[in-house]
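> Pasted the sequence and its predicted model underneath.
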Amino acid sequence: MLKPKPGILDIDAYVPGDSHAGGGGRQIKLSSNEAPLGPSPAAVEAYRAAAGSLARYPDGSARALREAIGEAFGLDPSRIVCGAGSDELLSLIAHAYIGHGDEGLYSKHGFLVYPIAIKANGGRPVAAGESDGLVADVDRLLAAVTARTRVVFLANPNNPTGTYLPQSEVRRLRAGLPDDVLLVLDGAYAEFVEAADYDDGRELVTAAPSTVMTRTFSKVHGLASLRIGWAYAPDAVADVINRIRGPFNLSAAAIAAGAAAIRDRAHLEAAVAHNTRWRGWLAAEVSRLGLAVTPSVANFILVHFPPGGGAARQADAALRARGIIVRRVDAYGLPDALRITVGTEEENRILAAALAEIVRGMASTGGLGGASTTAAAE
């Protein structure tokens, strides 16, 4: 009987947020943390212009995109590697540095791609506990490091919690790790963070030889369908990733659109301003319903329902019946919570009104279980 490598069949396949609630009528998708303002018009124009060269292979080094990223962030383009979304880069890092019996470490409610990438390469995923408020805990991460630890993945900010570690804690984590353990700083939501004590990690990558940062164009830049990600890494790590990635892993259209998007500062700033305003509004509206909301610095909020009674599942079903799609996070060990993306103003208002109606109905029938919805998140 044909069998895959050990560990493959132990993987629970990643299930993305749904795109359709079923039935007819309008669909409001708030399940995948997509950009409510869409992409930069300049990116759309660059994408259209690329249609004239579809018969040609793209530049295998994605030089135009790497140079645009380097220009935007003040980074050396030779240390930038582009991929088909940051997911591909995370998987390539695991492929390069994790083998059979090795360990990959991440926080308890970290991004589900981490354990998938670790298991796919014969490694053992290790989840470290988090502190109160669903925040990654440096002390617990360091305590979980063993002689077999090869890579530590840290989503900062984290998905699906929206929480983050300040620069001082990230540096403490790096300082406490052995030099031969790679620290991967996944900054998919970095552009949305406005906290003064946050750092996306680029200085740490420059200073520490065993540190990588990854980013994506899928969130703030609104190019999720094109699958564009990038990593900034030490020369030796960039060389390793380039040796194993596909030779044409980004299309010419993706390269062109990404380069145009990252140069459109006005569109990026508008996207961040919209998110800051409506994330705060949405969190306040949900909190008024008596539901706990984990403080978020990303483009979504995590809403908690009373534990154990299936209230989150019931609320999700009721929202779907209204054509509103949010994200169940049972797979993250959070069965009593829903993750809700910040949408357009209209979408946010419709969501808030629908959720208020649903919560009132559940409370009147005892569907909230009588438990306090303002209790701590965990």
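Yep, it's here.

> hey, where'd the helices end up in the stretch 101-250 of the chain?
113-120, 138-143, 167-176, 202-207, 235-244 (DSSP state H, counting those that start in this stretch).

> roughly how far is the third one from the heart of the chain?
From the chain centre to the centre of helix 167-176 is a distance of 21 Å (CA atoms, centre = their mean, to the nearest Å).

> okay, the helices of the stretch 101-250 of the chain in a markdown table with distance to Leu334, mean pLDDT and mean neighbour count next?
Heads up, the C-betas are built off the backbone N, CA and C, glycines and all. Shown next, in a markdown table, are the helices of the stretch 101-250 of the chain (distance: least, CB to CB, whole Å; pLDDT from 0 to 100; neighbours: other CB atoms under 10 Å):
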| stretch | distance to Leu334 | mean pLDDT | mean neighbour count |
| --- | --- | --- | --- |
| helix 113-120 | 15 | 96 | 23 |
| helix 138-143 | 18 | 98 | 18 |
| helix 167-176 | 22 | 97 | 17 |
| helix 202-207 | 29 | 92 | 16 |
| helix 235-244 | 32 | 97 | 15 |
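
> Just put those in a markdown table and tack on distance to Val297.
Shown next, in a markdown table, are those (distance: least, CB to CB, whole Å):
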| stretch | distance to Val297 |
| --- | --- |
| helix 113-120 | 20 |
| helix 138-143 | 18 |
| helix 167-176 | 13 |
| helix 202-207 | 18 |
| helix 235-244 | 27 |
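
> quick one: which of those is nearest Glu34?
helix 113-120 (17.1 Å; CB to CB).

> Who are the packing partners of the helix or strand where Arg48 lies?
Using DSSP states H and E, Arg48 maps to helix 41-49. Contacts defined by 3 or more CB pairs under 8 Å, 6 or more residues apart in numbering; DSSP states H and E place helix 41-49 against helix 252-263.

> lowest confidence element among the helices and strands of the chain?
helix 202-207 (a mean of 92; mean pLDDT, DSSP states H and E).

> so what's Ile11 scoring on pLDDT?
On pLDDT, Ile11 comes in at 87.

> Give the closest residue to it in space, chain neighbours not counted.
Lys119 (4.9 Å; CB to CB, 6 or more residues apart in numbering).

> contacting residues around the one you found?
Neighbouring residues of Lys119 by CB atoms under 8 Å, 6 or more residues apart in numbering: 7-8, 10-11, 125.

> go on, Thr341?
By CB under 8 Å, 6+ apart, Thr341 lies in contact with 29-34, 36, 299-300, 326-327.

> now, among these, which is nearest to Glu345?
Pro36 (8.5 Å).

> okay, now the closest one: neighbour count?
Residue neighbour count, defined by other CB atoms under 10 Å, stands at 19 for Pro36.

> In contact with it, which residues?
Counting by CB under 8 Å, 6+ apart, Pro36 has contacts 274, 278, 341-344, 347.

> same deal with Arg56?
Per CB under 8 Å, 6+ apart, neighbours of Arg56: Ala252.

> measure it to Ala175 for me?
Plainly put, Arg56 is 47 Å away from Ala175 if you go by CB to CB, to the nearest Å.

> Which ones among the contacts of Pro36 lie within helices?
274, 278, 347 (DSSP state H).

> And the first one, how far from Leu75?
His274 sits 27 Å away from Leu75, taking CB to CB as the criterion.

> who's His304 bridged to?
Ala292, Ala337 (DSSP bridges).

> Correct me if wrong: it contacts Leu289.
No: at 11.4 Å, His304 does not count as touching Leu289 under the criterion of CB atoms under 8 Å.

> pLDDT weak spots in this protein?
Scanning the chain for pLDDT under 70 picks out 23-24, 369-378.

> check contacts around the residue nearest to Leu182 when sequence neighbours are not counted.
Of all residues not flanking Leu182 in the chain, Val151 sits nearest, at 4.7 Å (CB to CB, 6+ apart). Contact partners of Val151, counting by CB under 8 Å, 6+ apart, are 93-94, 97-98, 104-105, 118, 181-184.

> which two in those residues are spaced the farthest apart?
Ile118 and Leu183 (14.8 Å).

> can you pull the contacts of the closest residue to Gln167 other than its chain neighbours?
Leaving out its chain neighbours, the residue that sits closest to Gln167 by CB to CB, 6+ apart is Asp199, at 3.8 Å. Applying CB under 8 Å, 6+ apart, we find Asp199 in contact with 166-167, 170.

> now the helix holding Arg48 and helix 252-263, what's the angle there?
160 degrees (axes from the mean of the first three to the mean of the last three CA atoms, to 10 degrees).

> Now do helix 41-49: everything it contacts.
Taking CB under 8 Å, 6+ apart as the rule, helix 41-49 contacts 221-223, 226, 253, 256-261, 263-264, 267.

> Using a markdown table, lay out those together with neighbour count.
Converted to a markdown table, these look like this (neighbours: other CB atoms under 10 Å):
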| residue | neighbour count |
| --- | --- |
| His221 | 26 |
| Gly222 | 22 |
| Leu223 | 27 |
| Leu226 | 23 |
| Ala253 | 20 |
| Ala256 | 24 |
| Ala257 | 28 |
| Gly258 | 29 |
| Ala259 | 23 |
| Ala260 | 25 |
| Ala261 | 28 |
| Arg263 | 17 |
| Asp264 | 17 |
| His267 | 22 |
